[in-house]
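Novice: next one to model:
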Amino acid sequence: MTNPKREHTYLMLDSDTKSGLKKLAAYRHTTLANLIEEGARMVIHRESARIREDIADLHNVNRMVRN
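Specialist: Prediction:
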């Protein structure tokens, strides 16, 4: 199994958010970077699902208008 290509990303977080993320990472025995990456994947998945839903709704509206 190959490791995915990684890129540096610098984030400016408020201190409460960063502290909370660090505590969650420690609780889950992972790194802050892995926790943020997992959260980003969740957001990408959720937003992609919303986009697919919006496209499906648009197709339905277009079908109704054509008929």
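Novice: now do the same end-to-end measure for stretch 16-36.
Specialist: 15 Å (Cα to Cα, to the nearest Å).
Novice: return the set of buried residues in that stretch.
Specialist: 21, 25, 35 (16 or more other Cβ atoms under 10 Å). Just so you know, the C-beta spots here come from the backbone N, C-alpha and C atoms, and that holds for glycine as well.
Novice: helix, strand or coil for the last one?
Specialist: By that I understand L35. helix (DSSP: H, G, I helix; E, B strand; the rest coil).
Novice: check contacts around it.
Specialist: By Cβ atoms under 8 Å, 6 or more residues apart in numbering, the contact list for L35 reads 21, 24-25, 28.
Novice: dump these into TSV; add secondary structure and pLDDT as well.
Specialist: As requested, the contacts of L35 are exported to TSV (DSSP: H, G, I helix; E, B strand; the rest coil; pLDDT from 0 to 100):
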residue	secondary structure	pLDDT
L21	helix	96
L24	helix	96
A25	helix	97
R28	coil	96
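Novice: for those residues, give me JSON lines that also has distance to I51.
Specialist: Converted to JSON lines, the contacts of L35 look like this (distance: Cβ to Cβ, whole Å):
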{"residue": "L21", "distance to I51": "27"}
{"residue": "L24", "distance to I51": "28"}
{"residue": "A25", "distance to I51": "29"}
{"residue": "R28", "distance to I51": "29"}
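Novice: wait, which of the residues you listed is closest to D54?
Specialist: Closest approach to D54 among the contacts of L35 (Cβ to Cβ): L21, at 30.1 Å.
Novice: just checking, the closest one touches L32?
Specialist: Yes. Counting by Cβ atoms under 8 Å, L21 touches L32, with 5.9 Å between them.
Novice: just to revisit the earlier point, can you tell me which of the buried residues of stretch 16-36 comes closest to I55?
Specialist: L35 (30.8 Å).
Novice: the most centrally placed residue in the chain is in what secondary structure piece?
Specialist: In the chain, the C-alpha nearest the mean C-alpha coordinate belongs to V43, at 2.3 Å (Cα atoms, centre = their mean). Using DSSP states H and E, the element containing V43 is helix 32-66.
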